[in-house]
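A.B. asks: Below are the sequence and a predicted model; questions follow.
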Amino acid sequence: QKSMRRLAKTTNANKIPGSPVKPPFPQYHPEQILEKERLEKEGDGDFEQTLIQTVPSVPASSHLAAARSSADMSLIERDLLDLNQKLLNSIITGDWMTYKDLCDESLTCFEPESRGEFVKGLEFHRFYFDNLDWEGIASQKSKAKATMASPNVRIIGENVAIITYVRLLQTISEDGEPSCSKTEETRVWQLMDEGWKNVHFHKAVPS
């Protein structure tokens, strides 16, 4: 009876006027609830005193903070995938300014175009933007599409993210023939003062 009076007192204390009664001891760990039931069944012991010696309670605020953090993380991941897609689209359309804005000046990479050599800086990439006949293939721009298949975002710390995916490039030739090629890519993004920047990527053609 003593334990039950204590239980009722705590339940009323947790009740908000006009709202349903909350479950007893909602802030306690399940193992603590089991301990309370055991003491009530045996009819001895003081649950409040025993509570100090059992598993500590987990504040509800901790669960809310974890949920909020998870939601924020998902938002960051979506933003990063959007930026990465914007980068891939700039490559298809020959949009050098967008590509430059999304990449750090010290961008490093390994890619098939460099024949396995380590490349640093943007000049290597700018060569293709400056010299490809973008006007000649303008009619084909709308018929090319880059898709990130099976993308995965890994956040490291507060300002680094790694995105891995398989890039599927769908195109239509001048003869109207469709084709699709794929490359395996990993891109490292870093949060800087001006926003997220692509600082490294590794691209490989599956054998």
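C.D. replies: Yep, that arrived.
A.B. asks: alpha carbons only for contacts and neighbour counts from here, please
C.D. replies: Will do.
A.B. asks: buried residues in the longest strand seen in the chain?
C.D. replies: For the chain, the strand with the greatest residue count under DSSP state E is strand 178-192. Buried positions in strand 178-192, judged by neighbour count with 16 or more other C-alpha atoms under 10 Å: 182-190.
A.B. asks: With stretch 108-118 instead?
C.D. replies: By neighbour count, and taking 16+ other C-alpha under 10 Å as the criterion, the buried residues in stretch 108-118 are 108-111.
A.B. asks: Kindly format the C-alpha coordinates of it as CSV.
C.D. replies: What follows is stretch 108-118, C-alpha atoms only, in CSV (Å, rounded to 0.1, in the frame of the first residue of the first chain):
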residue,chain,number,x,y,z
THR,A,108,42.1,16.8,-55.7
CYS,A,109,41.2,13.7,-57.6
PHE,A,110,41.9,10.4,-59.2
GLU,A,111,39.9,9.7,-62.4
PRO,A,112,40.2,7.8,-65.7
GLU,A,113,40.9,11.1,-67.6
SER,A,114,44.1,11.5,-65.6
ARG,A,115,45.2,8.0,-66.4
GLY,A,116,45.6,7.1,-62.7
GLU,A,117,47.6,10.2,-61.9
PHE,A,118,46.9,12.4,-58.8
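A.B. asks: State the distance from His202 to Arg187.
C.D. replies: When C-alpha to C-alpha, to the nearest Å is applied, the distance between His202 and Arg187 equals 7 Å.
A.B. asks: show me where the protein has strands.
C.D. replies: Read by DSSP E, the chain holds these strands, from start to end of the chain: 103-110, 119-120, 145-156, 160-172, 178-192, 195-204.
A.B. asks: got TSV for those strands, with distance to Gln85 and mean pLDDT too?
C.D. replies: Putting the strands of the chain into TSV (distance: least, C-alpha to C-alpha, whole Å; pLDDT from 0 to 100) gives the following:
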stretch	distance to Gln85	mean pLDDT
strand 103-110	13	96
strand 119-120	22	94
strand 145-156	8	94
strand 160-172	10	94
strand 178-192	12	94
strand 195-204	12	96
